[in-house]
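>>> Sequence plus predicted model, see below.
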Amino acid sequence: MSKRHPSGTIKKAFKEKVVAIYETIFRGEDPSAGNPNFWDEFFLLKPKVSCFEVELLKLSADQLEANKININLLFTKCLEMLKAEQNIKIVYALQTMGALTRILYQKHCADPNFDLIGVLVGSNDVDRTMEDLIKSLSELICADFPCITKKLVLKFLLVIVTGFENISSNVLLDHFMINSMFDPLIQLLSLPESRSQFGRDVVLLNTLLITYKKQEAANPYLVKLSLVDDELVLHGYAQVISSGLQEFCRKYIVVKQQEPQNSWLSSITSMVGNMFVSEEAHNKMEKLKANDSLLLALYEAVHSSRNFVTVFAYIQPHERPPQPPSDEEIEADHQDDSIGAPATPTPTVENVTHSSSLLATLLEYCSVIMQDVKHDVSLTSTKLSFIVLTVVTEDNYANSLMHDPNLVFQVQIHKAVMRHRKTGGDPVVPARPIVSALLDLVIEFIVTHLLKKFPVDLYELALGIIVRLICYQKRCKVRINYQWRDLWHALFSLLKFLQSAEGQLLKKLNIFPVAQQAINIFNLFITYGDTFLSVESLYDDLYYEIIRNKSVFDNIYSMVLRYSSSEGDNKEYSLRLMTSLNNIRSIIGHFTPKVDTWLASQSLSTPTEAQILEVVRNGYESLTLKLVDNLDQFQRYTETPNHNAFFAAFIRNVIVEARAYIDLDSIDHQSLLNEPCVTPT
């Protein structure tokens, strides 16, 4: 570009020396001709990352292939500078190498035939070059280098790991499987200072490396994560995830508090329902982007490492967490198995252990993101959250911690704006065992997502979480103080919705498995309630609610009868659901005539709840029920093959999101110039 001088002459615009060198390199010329110290001088020049990338983008794939000797040389010199004594050279080499790698990845994505490895590192001795690169990067992380250097190492690694949206196609990562960086990366999480500076990048890197071809071969990062037993590392890993989710929740609360309580939205909602609520929630989601990378990291840690479950459910700062007992020890330590046995005592100040918990944070986080599952971002994040909770509720030790009456948390379950709810802030919740908050979360989901676009997979996961909790309580004779009627009413609402929207839903979805899950939860209470209900009166309450909601089960049975008597895809599922209804229909058929007879004898038309309960208590002896096989069994979670497609798409979204935040250019050059020389140790 040129500028016109006041005298009328044309004067060329100033071009920085480093930019001129870039142009020379990419023209295929030898920039070091006549200057043996060229490369030492080049890496003392402040890189212009944007200019470098612009010049490189100008070249076509064929031009890059033709110029690969110079590009290989540039990469080699960058690699050599990673061992330099002057930190400024290391930093500038990392910036240059990162920009070069990023643009070549873009070229390969645009043209799959482009020889990424050949143009970047050369075709000869690739294994040795990559081994040398990974070794040098590991040393920079482990040695006493300045913070800026370690940050750029992590940014450069992120450039490589996020090079392809389909991570399994990223062939450069094969070298990171052979030469693992797990130990250098993970040690950055053990100290508070390094964790606060590098924690997010470390967790993201490790998580993405874990996902690389993990279904095809043994992944060393996944194996090593499953074996980590260093409590400082485990705590650090959990705290990075927890701090990210907590920050999300804090921002949500700030935004929510800034909204007027009597807004125009509230007025419209009162007239036409909650048709605009989802759009409002979506706007919040745009402002408060979900931390999907942290959620993915949490899933991989919980799914692969039982040691991580310890710090996931129970984090006590400055204190060693308890060692997880065996499953046999957990199941042996139970309460009196009679239905009249006292429930778990309400904790007192003296015997309560107040602690922070990643699990508690996850529940609050999930209560925010699940408010708007009509949009894909919230839908996928909610699904992964429910998968994490599914894995957790299958673990005996995690269950023992969640049900521990002496380990209580104040978990805020944020609730969506709905027409029938009063506006205002969320109520202050008492400290209680975390299982109560988990049940509240699932119930909130059940009653707030009865939509025409029915999220059937989320309902299957949500109901599966409840089944797992009840099976644990039944197996270990654990009795908790909980308002079980809230759950029963939620299930009634679900069944009513499925029956009323049956015609529309069955055109796209198979709703029978969800309905059967809901019915089987009732069957668990009917068959095994004496092993986990806290007081005998709850069993009476259950029967009262079943009788009171007789029409719900009658309508479901009528629906099932129609589909079971005709050929079609739904016949098998409807027959299973019909079988599940047997005991409930027996209860209704047994007690309804007794209630009617009692009402006639008393000349009453509208009985009270107490009167119905009295009839129920007097009618148990003549009631006959059938034992349902495998009612307290469930299919344990497996990622393959049911969720492979979901995770492939989820990981792709995480990679795309991560790319947008890789900044190779934002460094404090003044402080870098003032740093003394550094000799690697």
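Noted; the coordinates are in hand.
>>> What values do phi and psi take at the residue nearest to residue 134 when sequence neighbours are not counted?
Sequence neighbours aside, residue 179 is the residue nearest to residue 134 in space, at 4.3 Å (criterion: Cβ to Cβ, 6 or more residues apart in numbering). C-beta coordinates here come from the backbone N, C-alpha and C atoms, glycine included. When read as degrees, to the nearest 10, the backbone of residue 179 gives phi -110, psi 80.
>>> end-to-end on stretch 82-93?
Using Cα to Cα, to the nearest Å, one end of stretch 82-93 lies 7 Å from the other.
>>> Check stretch 395-407 too.
Span of stretch 395-407 from end to end, Cα to Cα: 17 Å.
>>> Pull out the buried residues from that stretch.
395, 396, 397, 398, 399, 400, 401, 402, 403, 404, 405, 407 (16 or more other Cβ atoms under 10 Å).
>>> gap between the first one and residue 480?
When distance is defined by Cβ to Cβ, to the nearest Å, residue 395 is 18 Å away from residue 480.
>>> next one: the last one
As defined by Cβ to Cβ, residue 407 lies at a distance of 13 Å from residue 480.
>>> Which residues are in contact with each of the two?
Both residue 407 and residue 480 are in contact with residue 433, where contact means Cβ atoms under 8 Å, 6 or more residues apart in numbering.
>>> pLDDT below threshold where in the chain?
1-14, 259-290, 314-356, 420-426, 668-681 (pLDDT under 70).
>>> swap the cut-off to 50 and go again
Along the chain, segments meeting pLDDT under 50 span 1, 263-277, 286-288, 316-323, 335-354, 680-681.
>>> Where is the longest helix in it?
The single longest helix within the chain, with elements called by DSSP state H, is helix 231-258.
>>> which secondary structure elements does that helix contact?
helix 182-187, helix 192-210, helix 277-287, helix 292-304, helix 306-313, helix 358-369 (3 or more Cβ pairs under 8 Å, 6 or more residues apart in numbering; DSSP states H and E).
>>> so what's residue 644 up against?
Contact analysis of residue 644 by Cβ under 8 Å, 6+ apart lists residue 215.
>>> Give me the phi and psi for it.
phi -60, psi -50.
>>> Residue 113 now?
Taking degrees, to the nearest 10 as the convention, residue 113 sits at phi -80, psi -10.
>>> Repeat that for residue 408.
Torsion angles, degrees, to the nearest 10, at residue 408: phi -120, psi 150.
>>> Tell me what it is bridged to.
In this entry, residue 408 is beta-bridged to residue 354, residue 433, by DSSP bridges.
>>> From what I see, it and residue 435 are in contact.
No. Using Cβ atoms under 8 Å, residue 408 is not in contact with residue 435, being 10.6 Å away.
>>> on that earlier part again, I'd like the buried residues of stretch 395-407 laid out as JSON lines, including secondary structure and distance to residue 549.
Converted to JSON lines, those look like this (DSSP: H, G, I helix; E, B strand; the rest coil; distance: Cβ to Cβ, whole Å):
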{"residue": "395", "secondary structure": "coil", "distance to residue 549": "34"}
{"residue": "396", "secondary structure": "helix", "distance to residue 549": "34"}
{"residue": "397", "secondary structure": "helix", "distance to residue 549": "37"}
{"residue": "398", "secondary structure": "helix", "distance to residue 549": "33"}
{"residue": "399", "secondary structure": "helix", "distance to residue 549": "30"}
{"residue": "400", "secondary structure": "helix", "distance to residue 549": "34"}
{"residue": "401", "secondary structure": "helix", "distance to residue 549": "34"}
{"residue": "402", "secondary structure": "helix", "distance to residue 549": "29"}
{"residue": "403", "secondary structure": "coil", "distance to residue 549": "28"}
{"residue": "404", "secondary structure": "coil", "distance to residue 549": "34"}
{"residue": "405", "secondary structure": "coil", "distance to residue 549": "32"}
{"residue": "407", "secondary structure": "strand", "distance to residue 549": "35"}
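>>> With distance to residue 430 as added columns, please give the residues you listed in JSON lines.
Converted to JSON lines, the buried residues of stretch 395-407 look like this (distance: Cβ to Cβ, whole Å):
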{"residue": "395", "distance to residue 430": "26"}
{"residue": "396", "distance to residue 430": "26"}
{"residue": "397", "distance to residue 430": "25"}
{"residue": "398", "distance to residue 430": "22"}
{"residue": "399", "distance to residue 430": "21"}
{"residue": "400", "distance to residue 430": "21"}
{"residue": "401", "distance to residue 430": "19"}
{"residue": "402", "distance to residue 430": "16"}
{"residue": "403", "distance to residue 430": "17"}
{"residue": "404", "distance to residue 430": "16"}
{"residue": "405", "distance to residue 430": "13"}
{"residue": "407", "distance to residue 430": "14"}
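>>> ok, so of the residues you listed, who is nearest residue 443?
residue 402 (15.8 Å; Cβ to Cβ).
>>> Please name the residues that touch the closest one.
313, 359, 392, 393, 433, 434, 435, 438 are the contacts of residue 402 under Cβ under 8 Å, 6+ apart.
>>> need the contact list for residue 19.
Per Cβ under 8 Å, 6+ apart, neighbours of residue 19: 48, 51, 55.
>>> Report the next helix or strand after the helix or strand where it lies in sequence order.
Assessed by DSSP states H and E, residue 19 sits inside helix 17-26. Sequence-wise, the next helix or strand downstream of helix 17-26 (DSSP H and E) is helix 38-42.
>>> Could you list every helix and strand that that following helix packs against?
Using 3+ Cβ pairs under 8 Å, 6+ apart, helix 38-42 sits against helix 68-81.
>>> mind listing what's buried in the helix it packs on?
Result for helix 68-81 [16+ other Cβ under 10 Å]: buried residues 68, 70, 71, 72, 73, 74, 75, 77, 78, 79, 81.
>>> do stretch 474-492 as well
474-480, 482, 484, 487-492.
>>> Straight-line length of it, end to end?
With Cα to Cα, one end of stretch 474-492 sits 22 Å from the other.
>>> How far off centre is that stretch?
Relative to its chain's centre, stretch 474-492 lies at 26 Å (Cα atoms, centre = their mean, to the nearest Å).
>>> got it, and stretch 568-575?
On Cα atoms, centre = their mean, the centre of stretch 568-575 falls 34 Å from the chain's centre.
>>> Name the surrounding residues that touch it.
Here stretch 568-575 has contacts from 506, 510, 512, 513, 516, 559, 560, 563, 564, using Cβ under 8 Å, 6+ apart.
>>> what about stretch 402-416, start to end distance?
25 Å.
>>> State the distance from the residue most central in space within the chain to residue 464.
Centroid check for the chain by Cα atoms, centre = their mean gives residue 295 as the closest residue, at 2.7 Å. Distance, residue 295 to residue 464, using Cβ to Cβ: 18 Å.
>>> what's the answer for residue 177, then?
Remark: distance between residue 177 and residue 464 (Cβ to Cβ) = 34 Å.
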